[in-house]
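Trainee: Using only what follows, build the 3D model:
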Amino acid sequence: MARRDHTRIDPRGRKVKILATIGPASRSPQMLERLLRAGADAFRVNMSHGAHDDHAAAIQAIRALEKQVGRPITILADLQGPKLRVGTFANGQAVIRHSGHFTLDRDPAPGDDTRVHLPHPELFGILERGQRLLINDGKIRLKVLEADDTRILCSAEVGGVISDRKGVNVPDAEVPIPALTEKDRRDLAFAVEHGADWIALSFVQRPDDLAEARKLIAARNAALGPALCAKIEKPMAVKRLDEIIEMADGIMVARGDLGVELEPYEVPPLQKRIVNAARRAGKPVIVATQMLESMIESPSPTRAEVSDVANAVYDGADAVMLSAESAAGAWPEESVAMMDAIATQVENDPEYKGRVRFLDTPPDATTSDALSHACMTIADTLPISAITVFTTSGSTVRRVARERPATPMLVLTPSVKTARKVGLLWGAHAVTTRDIDSFEEMIGKGKRMALRHGFGSAGSKVIVLAGVPFGTPGSTNLLHIVTIAGDELEKHRS
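Mentor: Down below sits the predicted model:
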């Protein structure tokens, strides 16, 4: 009898994915394994913090863990993006008087209670009277009274203490700066070199921001580069949402800065709008920031946080993300386990299927989309144990995931890079295996892999989705329903 590999991670009992951020609390090989076993499906490397050597060690540990557990693990590298900041103050800080005047100018001299240097010349000349400047995550709110090429005179709607190099948000104007800074370019090159599967681009304002990143990725690795995720965190990006989604491979609802530049009550409906738009386009969408924020310090979340995670799952997000909870908090493993428990409970709700299907995602007029849609309707009609998808590029997986079928999806691909990329897609469990050459081999392998990975047993029906000629990307044109026979199960056990 074949021995069972006790190190292997079995398929998750849920379809939404958990993206856990790596940081000081979680980058050790031991903690990474604990997070994976607690429910993490993918890991985020935050390029805003830490040195390249630290990130390289963490990525190496993840790849070693991947071999140990026999399961592809997705890595997302999150670029910092162009963060606007004020200069320094003579005393390290100053106090802006409520309703008083305060000036941001191009003078590099240390600031005081009346003015400070703003080392971003591109902001001068684009701001107009009545527009807002938000400092230190919106704790200080200024309104522009006058602006020219040398200074921006403001009235303080909300004053307070301001200190060196605090961040500045400009919610009412499109800032003419590229989404990639020199640091981002270095970080992107590092991420590609070290095999990141996804690159998240921060502070996207326009589709052109994504085009620039794509050129840099292609220049380093034209055929096998990472997928590109656009973080939606600026009102200007929301205005061009459909164009950005079209250019991106995936979307992240980055509620941190989005919640600074908008009123708090504007964010929840906007979150749903972004999730729905990404789902209609068949692009994976991640909901991120402050999902279980209190678990940075507490072993238990608030009821509101639990509801927040649950609502993202009910809305059909492909993934939910932990930030500081897993990166720097006191309870990283518990926060992953809690998110796993919430998501599992939601997906076991009898009303979940109807809720997640409430959004209409009509297929495009292509054979691949028609067959992907058929997988969902067949699985609703027959007792199907798995949808087995043979893919080279992963595009068919994305199409099937868009339909949110009730049946789990077993992804079979010869490309380890594809297996890792689809790790953020709803319901996808990827396995790397040799490519197929014939219809008979496809059917036989589809049955064997379903048995081997726990997606069926004797008498189970499995949908097999593939393309002919085999191994040709974008050729999905074949759907077959097979039944696993009892003798095949016996062969598998022996």
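
Trainee: going forward, measure contacts and count neighbours with C-alpha atoms only.
Mentor: OK.

Trainee: Do a quick rundown of the helices in the stretch 251-400 of the chain.
Mentor: Taking DSSP state H, counting those that start in this stretch as the test, the helices found in the stretch 251-400 of the chain are 255-261, 267-281, 303-314, 324-327, 332-347, 352-356, 367-381, 395-402.

Trainee: residue ranges with poor pLDDT in the stretch 1-150 of the chain?
Mentor: Scanning the stretch 1-150 of the chain for pLDDT under 70 picks out the ranges 1-10.

Trainee: Which stretches in it count as helices?
Mentor: Here the stretch 1-150 of the chain has its helices, by DSSP H, counting those that start in this stretch, at 29-38, 52-69.

Trainee: Now do the buried residues in the longest one.
Mentor: In this case it means helix 52-69. Buried residues in helix 52-69, defined by neighbour count with 16 or more other C-alpha atoms under 10 Å: 55, 58-59, 61-62, 65-66, 69.

Trainee: next one: stretch 392-410
Mentor: Within stretch 392-410, the residues that qualify as buried are 392-410, counting by 16+ other C-alpha under 10 Å.

Trainee: Stretch 410-418 now?
Mentor: For stretch 410-418, a neighbour-count test (16+ other C-alpha under 10 Å) marks 410-415, 417-418 as buried.

Trainee: ok, now which ones touch Thr476?
Mentor: Contact partners of Thr476, counting by C-alpha atoms under 8 Å, 6 or more residues apart in numbering, are 367-368, 396, 465-468.

Trainee: Check the spacing between it and Lys83 real quick.
Mentor: For Thr476, the distance to Lys83 (C-alpha to C-alpha, to the nearest Å) stands at 43 Å.

Trainee: Who are the contact partners of Ala466?
Mentor: Shown in contact with Ala466 (C-alpha under 8 Å, 6+ apart): 389-391, 475-479.

Trainee: before we move on, back to that, okay, the buried residues of stretch 410-418 in TSV with secondary structure next?
Mentor: Converted to TSV, the buried residues of stretch 410-418 look like this (DSSP: H, G, I helix; E, B strand; the rest coil):
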residue	secondary structure
Leu410	strand
Val411	strand
Leu412	strand
Thr413	strand
Pro414	coil
Ser415	coil
Lys417	helix
Thr418	helix
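
Trainee: Turn these into JSON lines, columns for pLDDT.
Mentor: JSON lines is the format used below for these (pLDDT from 0 to 100):
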{"residue": "Leu410", "pLDDT": "96"}
{"residue": "Val411", "pLDDT": "96"}
{"residue": "Leu412", "pLDDT": "95"}
{"residue": "Thr413", "pLDDT": "94"}
{"residue": "Pro414", "pLDDT": "93"}
{"residue": "Ser415", "pLDDT": "93"}
{"residue": "Lys417", "pLDDT": "95"}
{"residue": "Thr418", "pLDDT": "95"}
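
Trainee: hang on, the earlier thing: export the helices of the stretch 251-400 of the chain to TSV and append columns for distance to Val204 and mean pLDDT.
Mentor: Below are these laid out as TSV (distance: least, C-alpha to C-alpha, whole Å; pLDDT from 0 to 100):
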stretch	distance to Val204	mean pLDDT
helix 255-261	11	91
helix 267-281	14	96
helix 303-314	22	98
helix 324-327	22	96
helix 332-347	28	97
helix 352-356	28	94
helix 367-381	29	93
helix 395-402	23	94
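
Trainee: Could you export these as CSV, including distance to Pro235?
Mentor: As requested, these are exported to CSV (distance: least, C-alpha to C-alpha, whole Å):
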stretch, distance to Pro235
helix 255-261, 7
helix 267-281, 10
helix 303-314, 21
helix 324-327, 24
helix 332-347, 28
helix 352-356, 27
helix 367-381, 32
helix 395-402, 26
